[in-house]
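Participant: Need a 3D model of the sequence below.
(one chain, ligands or ions: 1)
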Amino acid sequence: MSEELKQVEAGTLPTVAAEERGAARPHGEEMTAALAEIQLESVGFLESLMELESLREESAWLRQQVWLTHGCGITGLYGDDGEMQCGRCLIDFKRGHWEDIKKRLDQMGRDRMVPPA
Ligand SMILES: [Zn+2]
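Facilitator: Below you'll find the predicted structure:
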């Protein structure tokens, strides 16, 4: 294995500046630069995937907290097999779009503030 390939695998290959990429170079250097670029893109993609997974976990936890505390009480809640539904307001906290859930909860909050006639 060449020294450059070892650097690519170890992630220690220096990045190639954009102006350098257009310059004429021997084939091996171009391949090395292309590999380094692919490696950097892969790292970025992996970091994005990890951030997405973290956001999914955060969203699932927040949805669960809202489901448990949204004001209908716990007697109407259905949570078997990971479901998060409420039998009183009929909101599906697992599958519902967050904007729809927010709209419904905002309306429920306003309704509770109106004094009985
Ligand atoms: Zn409810």
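
Participant: Buried residues in stretch 54-73, which are they?
Facilitator: Neighbour-count burial for stretch 54-73, with 16 or more other C-beta atoms under 10 Å as criterion, is recorded at Arg63, Val66, Trp67, His70, Cys72. Backbone N, C-alpha and C define where each C-beta goes, glycine included.

Participant: Just the element for the nearest residue to the fourth one once chain neighbours are set aside, please.
Facilitator: With sequence-adjacent residues excluded and distances taken as C-beta to C-beta, 6 or more residues apart in numbering, His70 is closest to Leu105, at 5.9 Å. Using DSSP states H and E, the secondary-structure element containing Leu105 is helix 98-113.

Participant: List the buried residues for that helix?
Facilitator: Ile101, Leu105.

Participant: And the helices in this protein, which stretches?
Facilitator: With DSSP state H, the ranges of helices along the chain come out as 3-10, 18-21, 27-69, 98-113.

Participant: Low-confidence regions, the protein specifically.
Facilitator: Within the chain, the segments meeting pLDDT under 70 span 1, 4-5, 8, 13-26, 116-117.

Participant: Would you tell me which residues of it are close to the ion?
Facilitator: Cys72, Cys86, Arg88, Cys89 (C-beta under 5 Å from the ion).

Participant: Contacts only, for the first one.
Facilitator: Applying C-beta atoms under 8 Å, 6 or more residues apart in numbering, we find Cys72 in contact with Cys86, Arg88, Cys89.

Participant: and the residues you listed as TSV, adding distance to Ser48?
Facilitator: Rendered in TSV, the data for these read as follows (distance: C-beta to C-beta, whole Å):
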residue	distance to Ser48
Cys86	34
Arg88	39
Cys89	35
